[in-house]
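Undergrad: sequence and predicted model, in that order:
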Amino acid sequence: MVRFAKIAVATGLLAMIAGPALADSCFEDVGCAGSHYIPKSQLRQLSCDALWTVRNTIYHNNGYCFRTQRALSLYSNDGCQYQNSGDVPLNQYERKNVANIRSVEQSKGCP
């Protein structure tokens, strides 16, 4: 989880500088979620915490405004634009990766 948290914070800082939709969500173990599809086989190897971090970093880098204490402890809402996750403008890779992450989270019984 430490590698993911550090990368999430770094990509979050880049998103704040560049603005939503300009920063790709890149992770050491799965690559960049905004520019390629992450295979479910790779996602299944991640912990629930890592899956949560990857999914929420994608949303953060695209301007989502977080409400949960868990997310607010990791991500800043500075410059956020979207209160509803369905309104966040994800590209085709991000949409598919988020759907696959949610599917893997559900199959693993993640909270």
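TA: Structure received.
Undergrad: low-scoring stretches of this structure, by residue?
TA: For the chain, the stretches with pLDDT under 70 are 1-22.
Undergrad: let's go with 80 and repeat that
TA: For the chain, the stretches with pLDDT under 80 are 1-23.
Undergrad: which stretches in it count as strands?
TA: Counting by DSSP state E, the chain has strands at residues 26-27, 31-32.
Undergrad: point out the most buried one among these.
TA: Mean neighbour count (mean count of other CB atoms under 10 Å) peaks for strand 26-27 among these, with a mean of 18. Placement of C-beta: from N, CA and C, glycine included.
Undergrad: elements contacting that one?
TA: If contacts are counted by 3 or more CB pairs under 8 Å, 6 or more residues apart in numbering; DSSP states H and E, strand 26-27 sits against helix 2-18.
Undergrad: that older thread, wait, which of the strands of the chain is closest to Q106?
TA: strand 26-27 (20.3 Å; CB to CB).
Undergrad: can you give me the helices for this protein?
TA: For the chain, helices defined by DSSP state H occupy the ranges 2-18, 40-43, 48-61, 69-74, 92-108.
Undergrad: okay, the ones you listed in TSV with mean neighbour count and distance to Q83 next?
TA: Formatted as TSV, the helices of the chain follow (neighbours: other CB atoms under 10 Å; distance: least, CB to CB, whole Å):
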stretch	mean neighbour count	distance to Q83
helix 2-18	16	17
helix 40-43	14	27
helix 48-61	22	12
helix 69-74	12	13
helix 92-108	16	17
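Undergrad: can you list these in TSV and add distance to D29?
TA: Below are the helices of the chain laid out as TSV (distance: least, CB to CB, whole Å):
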stretch	distance to D29
helix 2-18	7
helix 40-43	7
helix 48-61	7
helix 69-74	17
helix 92-108	13
